[in-house]
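Need the 3D shape of this:
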Amino acid sequence: MRISNPLEQVAPAPLCVRMFGTLSVTRNGSAVELPPSRKVRALLAYLALAAHPVSRSRLCEVLGDVPNDPRGELRWCLSKLRAVLDEPGHNRLSARNELISLDLEDCMVDALQVEAAIRNGLTVCWNVRKSMRCARSSSAIS
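The predicted structure is shown next:
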């Protein structure tokens, strides 16, 4: 049986989204140029962190004050995101009816990794605390 070494080199995810520090995207280890639009960048971050598909109307609210044509602004932002995220044969940005989502199945998103580590760490801590309480209780009985 082989035990994995956490320090071993792991093949990079095909797409990496880094939100800590300056927002950046890399594909197969190479930097992908992001559009300069702050709204496109905010939309990328919002969709990457969304646990479920998000409605177009909600995204129009998030994008803010575009009084004339908020849905047109959203369409423009989504087209810019497609250019960054989609790959030949793999559309990562899904716009079905009223719902928008990202397919990040084989991607690395640093904020999601930290969230998962915290969640797992808290679970481990909770189990350790619970077992310590049980150990104290059983030692008090004997």
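
mind listing what the residue nearest the centre of the chain touches?
For the chain, the residue sitting closest to the mean C-alpha position, by C-alpha atoms, centre = their mean, is A48 at 3.8 Å. Contacts for A48 (C-beta atoms under 8 Å, 6 or more residues apart in numbering) come out as V17, M19, L102, L104, V109, A111, L112. To be clear about C-beta, it is placed using only N, CA and C from the backbone, and glycine gets the same treatment.

How far off centre is the host helix or strand of it?
Taking DSSP states H and E as the criterion, A48 maps to helix 38-49. On the basis of C-alpha atoms, centre = their mean, to the nearest Å, helix 38-49 sits 10 Å off its chain's mean C-alpha point.

Report the buried residues of that helix.
Neighbour-count burial for helix 38-49, counted by 16 or more other C-beta atoms under 10 Å, picks out K39, V40, R41, L43, L44, Y46, L47, A48.

I'd like to know how far the residue nearest to the centre of the chain sits from V109.
Using C-beta to C-beta, to the nearest Å, we find A48 at a distance of 5 Å from V109.

which neighbours do the two share?
By C-beta under 8 Å, 6+ apart, the residues touching both A48 and V109 are V17, M19.

Next, N91: phi, psi?
Dihedral pair for N91: phi -90, psi 110, per degrees, to the nearest 10.

if I pick it, what's in contact with it?
Taking C-beta under 8 Å, 6+ apart, we find N91 in contact with R82, D103.

Roughly how far does it sit from Q113?
Distance from N91 to Q113, by C-beta to C-beta: 23 Å.
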